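>>> next one to model:
(one chain, ligands or ions: 1)
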Amino acid sequence: MSSAAGAVTDALRELRTRFAGVRDGEPADYIPQLAMADPEAFGLALISMDGHRYSTGEVDVPFTMQSVSKPFVYALALCELGLDGVSRWVNAEPSGEAYNAISLEPGTGRPDNAMVNAGAIVTTALVPDTADTPRFDRILDCLSRFAGRQLDVDEAVYASEVATGDRNRALAYLIRSAGPLPVDPVGAVETYFRQCAVRVTTLDLAAMAATLANGGVNPLNGDVVVEEPVAAQVLAVMATCGMYDTSGDWLLRVGLPAKSGVSGGLIAAGPARFGLAAYSPRLDPTGTSVRGRIALGALSERLGLHLM
Ligand code: DON
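Okay, the predicted model is just below:
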């Protein structure tokens, strides 16, 4: 192993050991099934552009993507409609608000960005839905190609969100009432729930982040999942909006495009360098993994990953 590779492995192991005792926060429970997660599970993984995998902890434990699915479905919508075609319906401005806020442009109902729930629901609605290829099949295929393996749905988590997801349904109705969208966000909410329930591991998330970092080419198998400009556009929106109302502080301190999810997954990408993922279900009040946030922050500082 080269000394650089050894430094990465050492850093991941040491940070996991250092932060494994952090007991702040609890797993999400507003989607009841998420509360079943083991609060002590803690995985860290990094995949480099040559496909080398570095990891420590519970990196094979399955969990659902939740909001970490959003940048990848945004990538799919960008592939289908182009940047102008998507931006007409979903803006790309930081909202400075929580993930479930009513962050809709006054007058038009256009969501502020594709990382908050309102924008993600519209993004999902923009993915074409045809008789031979239903919308969700396109989404699952896309997410699977980012990961480099066939993913599936955690039906129990899906059912749990269907049973409790009225705030997202309310957002979809507000969007539909305000704007001239060519697609139906209300009809797409259940598909959005299903994309949030796609099951991954920490290593899968590292591969997905690495594919974005690698200009859309999966570094594990060479699959061209999206074109390079689309990968760059997604990373730009992750950098400005991926951590919701802590996006500015995250970019200031950690310096990497990132996306969090309420199941405890967190990804970050170093363009042309690496994809990074953490999993730990204890959440802070913004819906981000407590240990994930501090571990990726400390890793950035230790290995000098800050982009600025
Ligand atoms: O729509 C929701 O509320 C969840 N399915 C996803 C929210 C989420 O992951 C927020 N991110 N940290």
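>>> tell me where the model's unsure across the stretch 201-308 of the chain.
Residues of the stretch 201-308 of the chain meeting the criterion pLDDT under 70: none.
>>> what residues does it put near the ligand?
Residues of the stretch 201-308 of the chain lying near the ligand by Cβ under 6 Å from any ligand atom: 260-262, 287-288. C-beta: built from backbone N, CA, C; applies to glycine.
>>> of the residues you listed - the most surrounded one?
S260 (30 neighbours; other Cβ atoms under 10 Å).
>>> burial measure for G242, as a count.
By other Cβ under 10 Å, neighbour count at G242 equals 30.
>>> ditto for G25
Neighbour count for G25, taken as other Cβ under 10 Å: 19.
>>> for it, give me its contacts.
G25 makes contact with 282-284, 290, according to Cβ atoms under 8 Å, 6 or more residues apart in numbering.
>>> cool, V254 as well?
For V254, the contact set (Cβ under 8 Å, 6+ apart) comprises 268, 296-297, 300, 305-306.
>>> export those to CSV and tack on neighbour count and secondary structure?
CSV is the format used below for the contacts of V254 (neighbours: other Cβ atoms under 10 Å; DSSP: H, G, I helix; E, B strand; the rest coil):
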residue, neighbour count, secondary structure
A268, 32, strand
L296, 26, helix
G297, 19, helix
S300, 21, helix
L305, 19, coil
H306, 15, coil
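>>> please tell me how far D112 sits from P257.
Counting by Cβ to Cβ, to the nearest Å, the separation of D112 from P257 is 17 Å.
>>> same check on R145?
Using Cβ to Cβ, R145 is found at 20 Å from P257.
>>> how about S67?
S67 sits 14 Å away from P257, going by Cβ to Cβ.
>>> between the two, which one's more packed in?
Neighbour totals were compared for S67 and P257, and P257 leads with 29 against 24 (other Cβ under 10 Å).
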